[in-house]
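J.: Sequence and predicted structure below; questions after.
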Amino acid sequence: MERLIIANWKMNPKNLKAAFVLAGSVKRYLKDVRGVRVVICPPFPYLAVVARQLKHSSLELGAQDASWEPSGPHTGQISLPMLKALGCGFVILGHSELRAQSGETDAMVNRKVHATLKAGLVPIVCVENAVQLIKALRGVPRSSYAKIRVVYEPSWAISTAKGAKPADPKEVRRMVQKLGTIASPAVFLYGGSVSSKNAGAFLKKGIVQGFLVGQASLRPREFANLVKKAIFG
Ligand code: PGA
């Protein structure tokens with residue numbers, strides 16, 4: 001069974017050099033780690049430099065968003081072919097911060113899911129509930145579900161939210177079962193204040209197959225410990 005940990009650096013770190021150093025530290029800490037896929041999703045301007053750093057390692061590269069258009073007059077947008085050419089294999093879609101801060105709608109997420117599958121990249125679809133997942137997958141053939149990763153990430157659990165704390169594993173299990181009835185055999189992940197301390201509780205009982213990690217992914221040693229939890233429990 002695949003174990004997958006996705007680092008969502010969000011709008012961090014503060015410059016290119018820091019991104020190169022951070023990717024280098026993560027690579028060093030995870031040098032001998034096997035049995036888990038680790039994907040680093042830096043901000044767009046750092047992708048090339050992080051790709052260089054991750055070369056000759058088992059770490060994979062992803063992006064935090066993408067346009068559904070392949071090219072053309074779309075100021076400020078980044079296309080899937082551009083991301084693919086940089087070495088990205090994964091794209092985070094429908095993150096609650098984009099939904100809340102940039103007006104990303106379910107229809108937009110859906111177009112991006114279609115485009116990502118068509119481009120041959122893996123969509124990492126973030127949802128807070130079943131309705132969002134149904135809308136994200138509208139028109140996607142069931143035969144493609146196995147290529148999709150679904151993250152259950154309640155926005156109130158994201159570490160930067162006021163009073164955030166990770167969701168109760170029992171609640172995550174209930175929600176993932178519900179999402180499973182919609183998108184199985186997709187791989188299901190959890191996101192929201194995940195750390196090396198609480199990761200085991202979600203993995204032990206097979207509630208999810210991995211995580212989308214924000215804050216903890218910016219601290220290389222902590223992130224490496226979290227990844228090791230995904231292997232050894
Ligand atoms: P967090 O962020 O791990 O800092 O809670 C997760 C996310 O927003 O993807």
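T.: On my side now, so go ahead.
J.: quick one: residue 173 is in a helix?
T.: Yes - counting by DSSP: H, G, I helix; E, B strand; the rest coil, residue 173 is found in a helix.
J.: Please report how far the nearest residue to it once chain neighbours are set aside lies from the ligand.
T.: Leaving aside its sequence neighbours, residue 173 sits nearest to residue 207 (C-beta to C-beta, 6 or more residues apart in numbering; 4.6 Å). C-beta: built from backbone N, CA, C; applies to glycine. Residue 207 sits 17 Å away from the ligand, taking C-beta to the nearest ligand atom, to the nearest Å as the criterion.
J.: A strand includes residue 207, no?
T.: No - Residue 207 is assigned coil when assessed by three-state DSSP, not a strand.
J.: for it, what are its contacts?
T.: 169, 172, 173, 176, 190 (C-beta atoms under 8 Å, 6 or more residues apart in numbering).
J.: Let me know the closest of the residues you listed to the ligand.
T.: Distances from the ligand to these, taken as C-beta to the nearest ligand atom, are shortest for residue 190 (9.7 Å).
J.: I'd guess that closest one is in a strand, am I close?
T.: Yes - when three-state DSSP is applied, residue 190 is found to be in a strand.
J.: Wait, it touches residue 176, no?
T.: Yes - between residue 190 and residue 176 a contact is recorded at 7.5 Å, counting by C-beta atoms under 8 Å.
J.: More neighbours: which of these two?
T.: residue 190 (28 against 19; other C-beta atoms under 10 Å).
J.: okay but residue 91 is in contact with residue 125, surely?
T.: No - using C-beta under 8 Å, residue 91 makes no contact with residue 125, being 9.5 Å away.
J.: So residue 56 versus residue 178, what's the distance?
T.: From residue 56 across to residue 178, the span is 41 Å (C-beta to C-beta, to the nearest Å).
J.: before we move on, what about residue 219?
T.: From residue 219 to residue 178 the distance is 32 Å (C-beta to C-beta).
J.: okay, the two: which has more neighbours?
T.: More neighbours surround residue 219 than the other of residue 219 and residue 178, with 16 against 13 (other C-beta under 10 Å).
J.: Check the contacts of residue 207 against residue 20 and report the nearest one.
T.: Taking C-beta to C-beta as the measure, residue 20 lies nearest residue 190 of these, at 29.3 Å.
J.: Any figure for the gap between the closest one and residue 32?
T.: From residue 190 to residue 32 the distance is 26 Å (C-beta to C-beta).
J.: Residue 126 now?
T.: From residue 126 across to residue 32, the span is 30 Å (C-beta to C-beta).
J.: Looking at these two, which one has more neighbours?
T.: Just comparing residue 126 and residue 32: by other C-beta under 10 Å the higher neighbour count belongs to residue 126, 27 against 6.
J.: helix or strand for that one, which one?
T.: According to DSSP states H and E, residue 126 maps onto strand 122-127.
J.: Same check on residue 39?
T.: Assigned by DSSP H and E, residue 39 belongs to strand 37-41.
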